[in-house]
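Chemist: kindly generate the corresponding structure for this input.
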Amino acid sequence: MKFPIFKLNHKHYVSAFLFTALYSAVIFAVVLVVNDHIDEYIDKTDFKTHHHKYIKLLIHFTTTFILTFLVICVFWIIFGWGDTFLG
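Modeler: Numbering: from 1, shown residues only. Now for the predicted structure:
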């Protein structure tokens, strides 16, 4: 059972495109910011050169997954959007 703060018609194609674009923009912006922070972190630490890409991949995957889940939860609470992700 969901009780969104703002009730919107999600079956209307314009609002569906709007929320998909908003979600994609938020995730893309987060990935770019996280990438900058990961680069700074890896440059400061003393990792071996050939391990950089694996460490960066692991950090990217973990942070992107967690932040994507949090963004979907926020969209679900505020707008009632994201039922297919949350079940």
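Chemist: how close does the spatially most central residue of the chain get to Y13?
Modeler: Nearest to the geometric centre of the chain sits T68, at 2.8 Å (CA atoms, centre = their mean). Note on T68: its distance to Y13, by CB to CB, to the nearest Å, is 23 Å. The way it works is simple: take the backbone N, C-alpha and C, and place the C-beta from them, glycine included.
Chemist: pLDDT-wise, which helix or strand of the protein ranks last?
Modeler: helix 83-86 (a mean of 58; mean pLDDT, DSSP states H and E).
Chemist: ok so, going back, show me the contacts for the residue nearest to the centre of the chain.
Modeler: I27 (CB atoms under 8 Å, 6 or more residues apart in numbering).
Chemist: need the contact list for Y41.
Modeler: For Y41, counting by CB under 8 Å, 6+ apart, the contacting residues are I59.
Chemist: secondary structure element for it, which one?
Modeler: helix 13-44 (DSSP states H and E).
Chemist: quick one: name whatever helix or strand follows that helix.
Modeler: That would be, after helix 13-44 and using DSSP H and E, helix 52-79.
Chemist: report the angle between that next one and helix 13-44.
Modeler: Helix 52-79 runs at 150 degrees relative to helix 13-44, counting by axes from the mean of the first three to the mean of the last three CA atoms, to 10 degrees.
Chemist: before we move on, back to that, in the helix holding Y41, what's buried?
Modeler: Residues of helix 13-44 classed as buried: 19, 23, 30, 34, 38, 42 (neighbour count, 16 or more other CB atoms under 10 Å).
Chemist: and if you look at stretch 70-78?
Modeler: Here stretch 70-78 shows 71-72, 75-76 as buried, counting by 16+ other CB under 10 Å.
Chemist: just put these in a markdown table and tack on distance to H52.
Modeler: Shown next, in a markdown table, are the buried residues of stretch 70-78 (distance: CB to CB, whole Å):
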| residue | distance to H52 |
| --- | --- |
| V71 | 27 |
| I72 | 30 |
| F75 | 33 |
| W76 | 36 |
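Chemist: would you mind giving these as JSON lines with pLDDT and distance to K56 added?
Modeler: Shown next, in JSON lines, are the buried residues of stretch 70-78 (pLDDT from 0 to 100; distance: CB to CB, whole Å):
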{"residue": "V71", "pLDDT": "83", "distance to K56": "21"}
{"residue": "I72", "pLDDT": "80", "distance to K56": "24"}
{"residue": "F75", "pLDDT": "79", "distance to K56": "28"}
{"residue": "W76", "pLDDT": "79", "distance to K56": "30"}
